[in-house]
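Enquirer: Predicted structure and sequence below. I'll ask about it afterward.
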Amino acid sequence: MGRSVLWLRNDLRLANNPALIAALEAGQVVPVFVLDPAMTLGAASRWWLHHSLSSLASEISARGANLVLRRGEARQIIPTLAKQIEADAVHAGKSHEPWLREADRDIATSLSTQRRAFYRHRSALMLDPEQIKTKAGDSYRVYGPFAAACFEAYMPRPLTDAPKRIRGIGQIDSENIDEWELLPTKFDWADGLRATWQPGERGAQQRLTQFLEFGLEPYNERRNLPAAAGTSMLSPHLHWGEISVDAVWLATKAANTKHHVGKNAFLKELLWREFAAHLLWHHETLATAPMKPIFASLLWRRAPTELRAWKRGLTGVPIIDAGMRQLWETGWMHNRVRMMAASFLVKNLLIRWQDGESWFWDTLVDADAASNAASWQWVAGCGVDATPYFRIFNPVLQGQKFDPGGDYVRRYIPELAGLPARYIHSPWIAPESTLRAARVTLGKTYPLPIVDLKASRERALTAFRKLKIAG
DNA sequence: GTATGGTTTCT
DNA sequence: GAAACCATA
C-alpha cells in the first residue's frame, strides 16, 4: 500500500480536491500544512488561517486521519517528512508507491518566491498560468483577450464529494496551532471578523449556496451597491482554497441556466481573479514595481499624517471613510468602494500605491498577492490594461451614484448617521442648521476633508501628465 | 519637573 | 486589556 504526503497550500478543503483524491487512491495520506516564514501574512489573514486550519483539522480527524502542522521552510520540511515516512515504510517491510511527485516538482522548479509559488498548485486556478498563451506564445497583458482565451480553454475538473474516510498514518509530529499565535494576542480586535465570516470549507459552501440562491440573479445590478451586500463575498474562501474555483464555476453555470440569467458578470469577476494570478505568475515584482516602468519616476508625496487618516477612515470624505472602516472592522471592503478608496489615496492624496497595497495586505481577510497588487496597479494606472491616469473618481459623485440613500455610510460612520441623504456624501456643504440637527460638528465629531477634492484632482493630473504616458 | 486620570491606540 | 499618550494641576 502506498503512502503520500499531501502538501496543502491554498487548498484547505476536502471536496473537489484532485490532489487529495489522487493521494487517497494511492493509499495512506499525511496531510501537511507548512507555515513558511517567507509567506508573510497580514493580521487579518492570520486570523483567517487559524480558523480555517482548525476547521480543516477537525474535518480530517473526523475521518480518521490527522492534519500535520509544521513551521519552517516548506522546501525542507516536505521532502524531509517524505523521506522519514518512506524510511518507516521500508523498515516495516511495506512496499510503497513513488509518491510526492507533484510536491517534488513544485519544490524544485518554482519556489523562487513564496507569494508566486502560492499559485503553482494548479487546482487553485482554472488554468495553469504556463499553459495559457497568446497566439504569439506570450503571456496575456490585456484582460479581454485573456478572458476569451479562458472561456475557450477552461475545462472544469469533475466535482468530487469529500471523502468519507481518510486513511492516515499514526505518530507524525504536529505542532499545536495555538503556539503559532495567529490570533490577536494583545487585545481582541476580531469581533467584526467573527460577525462577518465563517472561515473553512463549510462556511465557503454556505456562502456559495446563499449567493446562488439570492444573489446571482440580481448580481449585475446589485454588485455595485455597497449597502446591498450584492457580491458573493467568496474571495477569502477562494484565496485559501476552501472552495474550488471549479465548484464555484460549475454551480454558477447551473444556477445561471435555472434562473435564466443571460450574460453573467460574476463569471467575469472570477476571470479577473484568474487574470491577476496570471500576471503575478509572469511578473514576479507585480506587488512592488509598476508594470509601466515610467510610473516609478512619478513624484509621489510623502504624507504620513494623511496616509494615517486614510488608514483609519478619517479623511473627512464619507464614502472613503466608510470603506476604510468596513475594512478595519470586518477585514473586507466592497469592491466598488475599494476602487474609490484606492483612487483617493493614489490620486487625491498622491501617495504611492504600494503603501495602499501593503495596508490592504495587512487588513484584508482576502489579501491575495496577485489580486491585490494587480488591482492597485490598475487603479494607479501603472498596470497593464489599467484605468487611464486621468480617470480620477470623484468620491462625492461615486457615493451619490452607488450609495444613493447613504445607508452604507451610515452603517460605518455612525457619527454621520443623522444626516439626510442629500448631504451625507458631502457634509461640508450642508447648511449649519442641518449639521446641528444631525449633531455633526465638522472638525470635531467628524473631520473636514483632508484635501480639497478639486485642487487635489488638478494636482494629480499635473503630476501624471508629466510622465508623458503614450496614448 | 511629576503625579494623576482620562483617552487613544493597538491588527 | 495593556501601554502609550495627553492634558491638567
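Expert: Sure, I can see it. Numbers count the residues shown, from 1 in each chain, chains lettered A, B, ... in the order given.
Enquirer: would A:L6 count as being in a strand?
Expert: Yes: secondary structure assignment places A:L6 in a strand (DSSP: H, G, I helix; E, B strand; the rest coil).
Enquirer: what number of residues lie near it?
Expert: Using other Cβ atoms under 10 Å, A:L6 is surrounded by 24 other residues. In short, each C-beta sits where N, CA and C put it, glycine included.
Enquirer: Same question for A:W47.
Expert: A:W47 has 22 nearby residues by other Cβ under 10 Å.
Enquirer: got a list of what it touches?
Expert: Counting by Cβ atoms under 8 Å, 6 or more residues apart in numbering, A:W47 makes contact with A:182-184, A:190, A:193, A:331, A:365.
Enquirer: Pull out the buried members of those.
Expert: Neighbour counting with 16 or more other Cβ atoms under 10 Å marks A:182, A:190, A:193, A:331, A:365 as buried within the contacts of A:W47.
Enquirer: Need the residues that contact the helix or strand encompassing the third one.
Expert: Yep, that's A:L193 we're talking about. Assigned by DSSP states H and E, A:L193 falls within helix A:191-196. Residues from elsewhere that reach helix A:191-196 (Cβ under 8 Å, 6+ apart): A:44, A:47-48, A:328-332, A:365.
Enquirer: re the thing from before, in helices, which of the contacts of A:W47 appear?
Expert: Within the contacts of A:W47, residues falling in helices by DSSP state H are A:L193.
Enquirer: among the contacts of A:W47, which are within reach of DNA strand B?
Expert: By Cβ under 7 Å from any atom of the strand, the members of those lying near DNA strand B are A:184, A:331.
Enquirer: From A:W240, how far out is the residue nearest to A:G383 when sequence neighbours are not counted?
Expert: Spatial nearest neighbour of A:G383, excluding adjacent residues (Cβ to Cβ, 6 or more residues apart in numbering): A:Q377 at 3.1 Å. To A:W240, A:Q377 is 23 Å away according to Cβ to Cβ, to the nearest Å.
Enquirer: and the residue in the stretch 301-450 of chain A positioned nearest to DNA strand B, what is it in contact with?
Expert: Nearest residue of the stretch 301-450 of chain A to DNA strand B: A:W328, at 4.2 Å (Cβ to the nearest atom of the strand). Going by Cβ under 8 Å, 6+ apart, A:W328 touches A:192, A:311-313, A:363.
Enquirer: In strands, which of those fall?
Expert: Taking DSSP state E, every one of these sits outside strands.
Enquirer: could you dump those residues to a markdown table with pLDDT, distance to DNA strand B and neighbour count?
Expert: Shown next, in a markdown table, are those (pLDDT from 0 to 100; distance: Cβ to the nearest atom of the strand, whole Å; neighbours: other Cβ atoms under 10 Å):
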| residue | pLDDT | distance to DNA strand B | neighbour count |
| --- | --- | --- | --- |
| A:G192 | 94 | 8 | 16 |
| A:K311 | 94 | 8 | 18 |
| A:R312 | 93 | 7 | 13 |
| A:G313 | 93 | 10 | 22 |
| A:T363 | 95 | 6 | 21 |
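Enquirer: per-residue pLDDT, A:N220?
Expert: We have a pLDDT of 89 for A:N220.
Enquirer: where does the stretch 151-300 of chain A dip in pLDDT?
Expert: Along the stretch 151-300 of chain A, the model assigns pLDDT under 70 to residues A:259-263.
Enquirer: Count the neighbours of A:D407 for me.
Expert: With other Cβ under 10 Å as criterion, A:D407 counts 16.
Enquirer: same check, this time on the one 5 residues further on
Expert: Other residues within reach of A:Y412, judged by other Cβ under 10 Å, total 24.
Enquirer: Where do the strands of the stretch 351-471 of chain A begin and end?
Expert: Taking DSSP state E, counting those that start in this stretch, the stretch 351-471 of chain A contains no strands at all.
Enquirer: interface residues of it facing DNA strand B?
Expert: Residues of the stretch 351-471 of chain A lying close to DNA strand B by Cβ under 7 Å from any atom of the strand are A:362-363.
Enquirer: what about 10 Å?
Expert: Taking Cβ under 10 Å from any atom of the strand as the criterion, the stretch 351-471 of chain A approaches DNA strand B at residues A:362-365.
Enquirer: can you tell me how far the residue positioned nearest the centre of chain A sits from A:A437?
Expert: Centroid-nearest residue in chain A, with Cα atoms, centre = their mean: A:D366, separated by 3.2 Å. A:D366 sits 39 Å away from A:A437, going by Cβ to Cβ.
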